[in-house]
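Engineer: Return atomic coordinates for the entry below.
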Amino acid sequence: MSSTPDSPNLSAPRIIPRAEHGISRANISDHALKVLYRLKDAGFRACLVGGGVRDLLLGREPKDFDVATDAHPDEVRRLFRNCRLIGRRFRLAHVHFGSEIIEVATFRAPHATIDDDEGEGGDALMEDGRIIRDNVYGTIEQDAWRRDFTVNALYYDIQDFSVIDYTGGMEDLKNGVLRLIGDPQLRYREDPVRMLRAVRFAGKLGFRLHPESETLIPQFSDLLSAVSSARLFDEVLKLFHGGYALQTFELLRHYGLFGYLFPATEEALSHEEQGFPITFVANALRNTDERIRETKGVNPAFLYAALLWEPVRLHAQSLMQHGVLELAALQAAGSALLDSQLHHTAIPKRFGLPMREIWELQSRFEQRQGGRVLRFLQHPRFRAAYDFFCLRARSGETDPELCEWWARIQEVDEDERRQMIENSGGNARSGARRRRRPRKKKPNADA
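Structural biologist: Okay, here's the model as predicted:
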């Protein structure tokens, strides 16, 4: 596709009438419909756009519904008392309906072609080819051409219930292709996070990346180093808490992107132990996907604890080989890895402490002395640490029978619990061994 967002070919769009697409208002949030109709009744153009339209056309249930309009943010706020304006880089209106938020964005124009007389009420700012601020308002045609992927640039118009396609998104949707709109080199420079979004959508949708969008990723991956660590933290949650964490992880490693997010983990995963690949991260991400499918809660602290565990474990093992006790080794290794990781992705303090506790509590599962067991069961982080320990057991890092013992002691009554502790002899059975042994230190290895 030769057109670019900065110089698009604003040809007539393809209009798919109501009878020729599968979107039904019955599958659209009542609150989203309320926003669409109120904007329309006030004289503004209002369309459902983005992932919501894409998922409805694919027969999927959308995670959320976004609205695009020619109303400016202040005009949207005047229409909805429950509206809050957010953002500086992208000025958006959030219309609140209890726990549901309908995001409303004003049609935006290409940032590089706006002169001082256009984009009333808006402004744009570029730095080293990256968009720093982008609030230049335009038409629906311009808005379509400045979006990231063709399958995300489809509009469902509440005026006549048609789907509007300016960029060939319907054809790409049919063919299972994820294609950047415009020149991929320019789009990746504008916002390097688009590489992560490409991988996330490919993993979620099962689509293949268009060759022009795919081949430049290794060349431009180092641009992620310029993205703020706070933004990358948010992107990590989107990548791994969307229900397709395992596929996404494999794609991130395939395209060489995972190492820019978790360099210490990537280094650890590049090795094998005892001839077998390290499987803990894959098992943890598979477990995350299962929990999301079962509509169970997922915690960023657990996710990050799992993603960083392998380098923490290896560092702790190295310290233990030099005589440091296990708990102290885990504490020191955890602190070092957290400090290092903060240079790549932010980790809010409310997640950092639980992560460290999950790691440090691993040393207590082999200690089955009476009072310690009862106190451990009451620890506020016990359940997370237990789930983590059992993932380790499934990955061959520790004794699966210990996981079963701790599972049972949570279920039995007080008398049987005391009996189990007495029968355990107070410690892990003498014959039990960890299946994974410490890696021998290589000569001339980097510290």
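
Engineer: so Y37 makes contact with I158?
Structural biologist: Yes. Contact criterion CB atoms under 8 Å: Y37 and I158 qualify, at 6.5 Å. All C-beta atoms are positioned from the backbone trio N, CA, C, and that covers glycine.

Engineer: Give me the common contacts of those two.
Structural biologist: Counting by CB atoms under 8 Å, 6 or more residues apart in numbering, the contacts common to Y37 and I158 are A46.

Engineer: tell me the pLDDT at Q367?
Structural biologist: Listed pLDDT for Q367 reads 89.

Engineer: Please apply the same query to R91.
Structural biologist: Looking at R91, its pLDDT is 87.

Engineer: Quick check: phi and psi at it.
Structural biologist: phi -80, psi 120 (degrees, to the nearest 10).

Engineer: Give me the distance between it and L319.
Structural biologist: Counting by CB to CB, to the nearest Å, the gap from R91 to L319 is 49 Å.

Engineer: ok, now G138?
Structural biologist: Distance from G138 to L319, by CB to CB: 58 Å.

Engineer: Also L186?
Structural biologist: Per CB to CB, L186 is found 47 Å from L319.

Engineer: Counting neighbours, go ahead and name the busier of the two.
Structural biologist: Shown here are L186 and L319; by other CB atoms under 10 Å, L319 has more neighbours (19 against 14).

Engineer: Contact partners for L209?
Structural biologist: V177, L178, R179, A198, A202.

Engineer: can we see that at 10 Å?
Structural biologist: Applying CB atoms under 10 Å, 6 or more residues apart in numbering, we find L209 in contact with 149, 177-180, 184, 198-199, 201-202, 215, 217, 251, 255.

Engineer: With L178 instead?
Structural biologist: L178 sits in contact with 148-152, 172, 197-199, 201-202, 205, 207-210, 213-214, where contact means CB under 10 Å, 6+ apart.

Engineer: and if we set it to 7 Å?
Structural biologist: Contact partners of L178, counting by CB atoms under 7 Å, 6 or more residues apart in numbering, are F149, V151, A198, F201, A202, F207, R208, L209, H210, S213.

Engineer: What degree of burial does the last one show, as a neighbour count?
Structural biologist: This means S213. With other CB under 10 Å as criterion, S213 counts 24.

Engineer: name the element it belongs to?
Structural biologist: helix 211-214 (DSSP states H and E).

Engineer: What ranges in the stretch 101-250 of the chain fall below the confidence cut-off?
Structural biologist: For the stretch 101-250 of the chain, applying pLDDT under 70 flags the ranges 111-135.

Engineer: redo that, cut-off 90
Structural biologist: 109-136 (pLDDT under 90).

Engineer: Strands of this protein, start to end?
Structural biologist: Using DSSP state E, the strands of the chain run over 14-16, 46-49, 66-69, 83-86, 92-97, 100-106, 124-127, 130-134, 154-157, 162-165, 177-178, 208-209, 272-273, 276-277.

Engineer: what about K40, neighbour count?
Structural biologist: Using other CB under 10 Å, K40 has 16 neighbouring residues.

Engineer: brain fart, R356
Structural biologist: R356, neighbours per other CB under 10 Å, totals 21.

Engineer: I'd like to know how far it sits from A316.
Structural biologist: To A316, R356 is 12 Å away according to CB to CB.

Engineer: can I have stretch 165-179 written out in CSV, keeping just the CAs?
Structural biologist: The C-alpha atoms that make up stretch 165-179 are tabulated as CSV, following Å, rounded to 0.1, in the frame of the first residue of the first chain:
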residue,chain,number,x,y,z
ASP,A,165,-13.2,1.2,5.2
TYR,A,166,-10.6,3.6,3.9
THR,A,167,-7.5,1.5,4.2
GLY,A,168,-8.3,-2.0,3.0
GLY,A,169,-9.0,-3.3,6.5
MET,A,170,-11.9,-5.5,5.4
GLU,A,171,-9.8,-7.4,2.9
ASP,A,172,-6.9,-7.8,5.5
LEU,A,173,-9.4,-9.0,8.1
LYS,A,174,-10.7,-11.6,5.6
ASN,A,175,-7.2,-12.8,4.8
GLY,A,176,-5.9,-12.8,8.4
VAL,A,177,-3.2,-10.2,7.7
LEU,A,178,-1.9,-7.5,10.1
ARG,A,179,-0.7,-4.6,8.0
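
Engineer: Mind listing what's buried along it?
Structural biologist: D165, Y166, T167, G168, G169, M170, D172, L173, V177, L178, R179 (16 or more other CB atoms under 10 Å).

Engineer: Spell out which residues sit in contact with the most centrally placed residue in the chain, please.
Structural biologist: Centroid-nearest residue in the chain: K238, 1.9 Å away (criterion: CA atoms, centre = their mean). Counting by CB under 7 Å, 6+ apart, K238 makes contact with R200.

Engineer: Can you tell me how far it is from Q247?
Structural biologist: 14 Å.

Engineer: Sort out for me which of the buried residues of stretch 165-179 are in helices.
Structural biologist: Judged by DSSP state H, the subset of these located in helices is G169, M170, D172, L173.

Engineer: right, and the last one touches T150 too?
Structural biologist: Right, L173. No. In this structure, L173 is not within contact of T150 by CB atoms under 7 Å, at 8.1 Å.

Engineer: From the rest of the structure, what touches stretch 303-320?
Structural biologist: Stretch 303-320 has contacts (CB under 7 Å, 6+ apart) with 240-241, 262, 264-265, 268-269, 278, 280-281, 284, 288, 326, 329-330, 332-334, 336-337, 341, 347, 351, 355, 358-359, 388, 438-439.

Engineer: for it, what is the average pLDDT?
Structural biologist: 96.

Engineer: Could I get the buried residue list for it?
Structural biologist: In terms of neighbour count (16+ other CB under 10 Å), stretch 303-320 has its buried residues at 303-320.

Engineer: what does stretch 212-229 give?
Structural biologist: Within stretch 212-229, the residues scored as buried using 16+ other CB under 10 Å are S213, E214, L216, I217, F220, S221, L223, L224, V227.

Engineer: now stretch 347-363
Structural biologist: Residues of stretch 347-363 classed as buried: 347, 351-352, 354-363 (neighbour count, 16+ other CB under 10 Å).

Engineer: got it, and stretch 227-241?
Structural biologist: By neighbour count on 16+ other CB under 10 Å, the buried set for stretch 227-241 is V227, L232, F233, E235, V236, L239, F240, H241.

Engineer: and the closest residue in space to E61 that isn't next to it in sequence, how many neighbours?
Structural biologist: Leaving aside its chain neighbours, E61 sits nearest to D55 (6.9 Å; criterion: CB to CB, 6 or more residues apart in numbering). By the measure other CB under 10 Å, the count of residues near D55 is 19.
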